[in-house]
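**Student:** Return atomic coordinates for the entry below.
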Amino acid sequence: MKSFDAMWAAILDVGREPSTGGYRRFAWNDAEMTLREWFTGEADRRGMTVDEDRNGNLWAWWMPIGWTGEPRDAFVTGSHLDSVPDGGAFDGPLGVVSAFAAVDVLRERGIAPTRPVAVTAFTDEEGARFGVACIGSQLTSGALKPERALRLRDADGITLAEALTGAGRDPAHLGADPALTERVGVYVELHVEQGRALDLVDQPLAVASSIWPHGRWLFTFTGEANHAGATRLVDRRDPMLTFASSVHTARAAAALHDAVATFGKVRVLPNGANAIPSEIKAWLDARAADEATLTELVDHITREIHGHAATDGIGLHTEAESITPIVEFPAGTRHRLQSALGHLGEIPVLPTAAGHDAGILSAKVPTAMLFVRNPTGVSHSPVEHADADDCHAGVLALADVMADWVST
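**Tutor:** Take a look at the predicted model:
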C-alpha cells in the first residue's frame, strides 16, 4: 500500500503543534491551506480535475473515458482536512488519503469507471474556528444560510467573511448547490472509529447504521467583575460559581438520560487571575440516541442551570447554535456496502455519536460510512490512532465499494 503510506507521511507534520503532538488545522489557516495545496497536487498526479465549489469544498474528479458535460450520478468519497484544537492525525484526513489510495487500487486492477468518481475534502467540518460544525457541507446542502455563516466569528473576532477574503475567496459566492442531487449519486465516507467498539470485537472495519442527534448550545453567564481579594464572598456575583454547578448538572443529567453532555469550550472575561469574572461563555455539546431524549436532556440541563443562576444572582442567556437530527443511513445503501464487502465475512454495523459530513449530506443524497478500528478508543486527541494494517484494509474495502458502484 505504497501510495497510502507516501501520502500519509507527506501530511503527517502539517499543522502539528510540537508542544502537544496534536494538530491545529483550522479552517483557512496556514496549515489547512497547505493541505489544500497537497490535495490539489495529489489530484494533479492522478490526472484528476480539481474544482473548489462556492463554499470552499474541494472536489477531485476522475471521469469516465469519453464523458462530456457536467458530472452526474457520481460516486463520491472523502472527508475533511481540518482538526479540533490539538486533535489527532486520523479524524478527517484518513478518509481523504484513503479515497485517493482507493482510486489507485482501481487503476492497478485495470478498472475504468463507467460513472464519475470524486474525491472530496469538505471545509470546516469540526467547527473549531467559527463554532459551527460542518460549515462546508451545511452550506452546500442548504442547511446553513450564507447570511448566518458569514457573520460567524473566531476567537480573535475575525468573521468567516473576513477569513474567506483573506484567503482570496469571494464571500458573496457562498450558498446552496442546486445541482448537488444531480451530481452526487452516493457519498461514502471512510472515517476512523471514534470509540472502541471494533477493538472490543477484534474487527478492523465496520459499516455505520446511524448518527446520534446532537447539537451545540451557548450559555452566557453574566455577573460582576470585582477584586478577587478585596470582595467579600457575600458581596460577589461570580458567574464562575454558577458555571461550575452547571458542569456537574450536565454530567448528572446525561447519566440520567443514558446520553452524553459536555462543556468543553469556555471563554472568561476579563480572564484575570486576581479578578472575579464579569462574564462566562460556555458551549454545551449534547448527544443522545434519539431526538426526544436529546430534547429532554437539554431542557433538563437548561432548567437546572436557570435555577443555579437565580440562586447565585447571575444573568443567563441560552442560544442553540446548531442542532443536527438523527441520521439513519439508508438501508439499501448500507446493504450494498455489505454486499460489496461480503468476501470479508460478517462486518459489524455500528451507530456513532460523532457528527460527520455524511450525516449532513444525507438529507439530500444517499450516504454511507465505513469505520476503521481505533484501538485506543480515543479521538479528538493526539492519542487517536489506527494501525497501518487496518488503514490498508480500509483502503481496500473502500476500493471494493467504489468498484461495485462504478464498474457496473
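**Student:** how about A176, what does it touch?
**Tutor:** 139-142 (CB atoms under 8 Å, 6 or more residues apart in numbering). Using the backbone N, CA and C atoms, a C-beta is placed for each residue, glycine as well.
**Student:** from those, which would you call buried?
**Tutor:** 139-141 (16 or more other CB atoms under 10 Å).
**Student:** Show me the helices in this protein, by range?
**Tutor:** Per DSSP state H, the chain carries helices over the ranges 2-11, 30-45, 93-108, 135-141, 146-151, 160-166, 180-183, 197-201, 239-256, 291-312, 331-340, 357-361, 388-406.
**Student:** May I see those helices arranged in CSV, with mean pLDDT and distance to E126 as well?
**Tutor:** Shown next, in CSV, are the helices of the chain (pLDDT from 0 to 100; distance: least, CB to CB, whole Å):
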stretch, mean pLDDT, distance to E126
helix 2-11, 97, 16
helix 30-45, 98, 11
helix 93-108, 98, 12
helix 135-141, 97, 9
helix 146-151, 97, 15
helix 160-166, 98, 14
helix 180-183, 96, 22
helix 197-201, 95, 22
helix 239-256, 98, 21
helix 291-312, 98, 20
helix 331-340, 96, 25
helix 357-361, 96, 11
helix 388-406, 98, 20
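**Student:** Let me know which of the ones you listed is the nearest to A230.
**Tutor:** helix 239-256 (17.1 Å; CB to CB).
**Student:** quick check, distance from that closest one to the centre of its chain.
**Tutor:** On the basis of CA atoms, centre = their mean, to the nearest Å, helix 239-256 sits 25 Å off its chain's mean C-alpha point.
**Student:** Hey, what's the angle from it to helix 291-312? Just curious.
**Tutor:** 150 degrees (axes from the mean of the first three to the mean of the last three CA atoms, to 10 degrees).
**Student:** Show me what helix 239-256 is packed up against.
**Tutor:** Under the contact criterion of 3 or more CB pairs under 8 Å, 6 or more residues apart in numbering; DSSP states H and E, helix 239-256 touches strand 214-222, strand 260-269, strand 279-287, helix 291-312.
**Student:** Can you lay out those as TSV showing distance to D177 and mean neighbour count?
**Tutor:** Putting the helices and strands packed on helix 239-256 into TSV (distance: least, CB to CB, whole Å; neighbours: other CB atoms under 10 Å) gives the following:
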stretch	distance to D177	mean neighbour count
strand 214-222	24	20
strand 260-269	30	16
strand 279-287	28	21
helix 291-312	27	17
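**Student:** Please identify which of those is closest to G166.
**Tutor:** Of all these, strand 260-269 comes closest under CB to CB, at 22.8 Å.
**Student:** circling back to that earlier point, quick check, nearest of the buried ones among the contacts of A176 to D177?
**Tutor:** T140 (4.8 Å).
**Student:** Pretty sure the closest one sits against D53.
**Tutor:** Yes: proximity of T140 to D53 meets the contact threshold set by CB atoms under 8 Å, at 6.6 Å.
**Student:** Fine by me, we can end here.
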